[in-house]
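**Q** Got a predicted model here, sequence first, then my questions.
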Amino acid sequence: MPERRGGAAFTALRRAIEGGASLPKTLVIVAHPDDETIGASTLLGRCERLRVVHVTDGSPRDLRDARNAGCADRGSYAALRHEEAIAALALCGVPADAMECWQITDQEAALHLPKIVAAIEKALQDFAPRWVLTHAYEGGHPDHDAVAFATHLACEAAGRRGAAPTLIEMAGYHAGPEGMVSGVFLPAECEGEIDVELDEALRARKAAMFAAFASQRGVLAAFGIGRERFRVAPSYDFREAPHAGRLFYENFPWGMSASFWKELSRSVLASRVDASACAVPIPSRVPLTSGAPQE
Ligand SMILES: [Zn+2]
């Protein structure tokens, strides 16, 4: 009988997270500034070396969120979100230069999958992390699923070169029978989960980090600060939707549906046969122009 995915890796992961020692060199790859805080605030300050990638700039083409945050345009809102992330991560000792933004437009990551896969492959080669932490495949937000998919593909490619990191995922959110379910994984074939209960000091720090994302106050109010869950990423079939029924993101006008997702993911998997299809790298460090929010 084959070993369930993540056997030895899960044991090592649990020991490391539940122990008090430093965590190994880790690359965190998430869709938006604040995702790392929602899902993994407890791990961020504990790594020997850490790099945090925000694949999107957190600034949708639709300017409603930007205007609500007092920004007149997409660029100002992206800069604001980047600055909020710098302030939040500083609270757990992560310096600004450990963070980079790849500046894909928010809500559009799934339209740039080959480019994102190539950029992650390059980041894996350059940084050579032992752990990679990303989103679970949940149908919560299309950018999260796109980043999870791209990270899985890039880690599989690293594995073929004999340099596979341990791929870890954090619980985000998905559709439940009565609305959004957050901080809980969808069921998957894997060894187990690590359920971290934040003590008073960690909860206070996470609350302060949330507060640093002032433009996201309304969104972050939906997430608790008491627990974070991690597991070795299971093997997903990205050609299929993450679960049956209506996906959480299908409740929003974000231009994504399960059927469109399947078209995109299947096309990327087909194109992986020709590795050259993914040879369009994103510059790894794109400076964001700092701009004050407009009145
Ligand atoms: Zn997000």
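**A** Ah, there it is. Bear in mind that the values here come from a model prediction, so they are computed numbers and not experimental data.
**Q** Distance check, residue 240 against residue 266.
**A** With distances taken as C-beta to C-beta, to the nearest Å, residue 240 is found 10 Å from residue 266. Quick note: C-beta positions are derived from backbone N, CA and C, even for glycine.
**Q** next one: residue 222
**A** Counting by C-beta to C-beta, the gap from residue 222 to residue 266 is 32 Å.
**Q** tell me which strands and helices the host helix or strand of residue 143 is in contact with?
**A** Applying DSSP states H and E as the criterion places residue 143 in helix 142-160. Contacting helix 142-160 under the criterion 3 or more C-beta pairs under 8 Å, 6 or more residues apart in numbering; DSSP states H and E are the following elements: strand 26-30, strand 50-60, helix 113-127, strand 131-135, strand 166-170, helix 258-271.
**Q** residues of stretch 204-214 that come out buried?
**A** The neighbour-count check on stretch 204-214 (16 or more other C-beta atoms under 10 Å) flags 205, 206, 209, 210, 212, 213 as buried.
**Q** Whichever strand or helix holds residue 102 to strand 50-60, inter-axis angle?
**A** In the assignment (DSSP H and E), residue 102 maps to strand 99-106. Orientation check (axes from the mean of the first three to the mean of the last three C-alpha atoms, to 10 degrees): strand 99-106 against strand 50-60 gives 30 degrees.
**Q** pretty sure residue 77 is in a strand, no?
**A** No - under the criterion used here (DSSP: H, G, I helix; E, B strand; the rest coil), residue 77 is helix, not part of a strand.
**Q** need the contact list for it.
**A** Contacts for residue 77 were tallied using C-beta atoms under 8 Å, 6 or more residues apart in numbering; they are 58, 59, 63, 65, 66, 69, 71, 215, 293.
**Q** Which ones, among these, also lie beside the ion?
**A** Applying C-beta under 5 Å from the ion, the subset of the contacts of residue 77 adjacent to the ion is empty.
**Q** wait, which of those residues is closest to residue 149?
**A** residue 58 (19.2 Å; C-beta to C-beta).
**Q** Please list all residues in contact with the closest one.
**A** Counting by C-beta under 8 Å, 6+ apart, residue 58 makes contact with 32, 33, 34, 77, 78, 81, 82, 106.
**Q** Can you narrow these down to the ones near the ion?
**A** Within the set of these, contact with the ion (C-beta under 5 Å from the ion) is found for residue 32.
**Q** Any chance of the contacts of residue 58 in TSV with distance to residue 199 and pLDDT as columns?
**A** Converted to TSV, these look like this (distance: C-beta to C-beta, whole Å; pLDDT from 0 to 100):
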residue	distance to residue 199	pLDDT
32	27	98
33	25	98
34	22	98
77	34	98
78	34	98
81	29	98
82	30	98
106	33	98
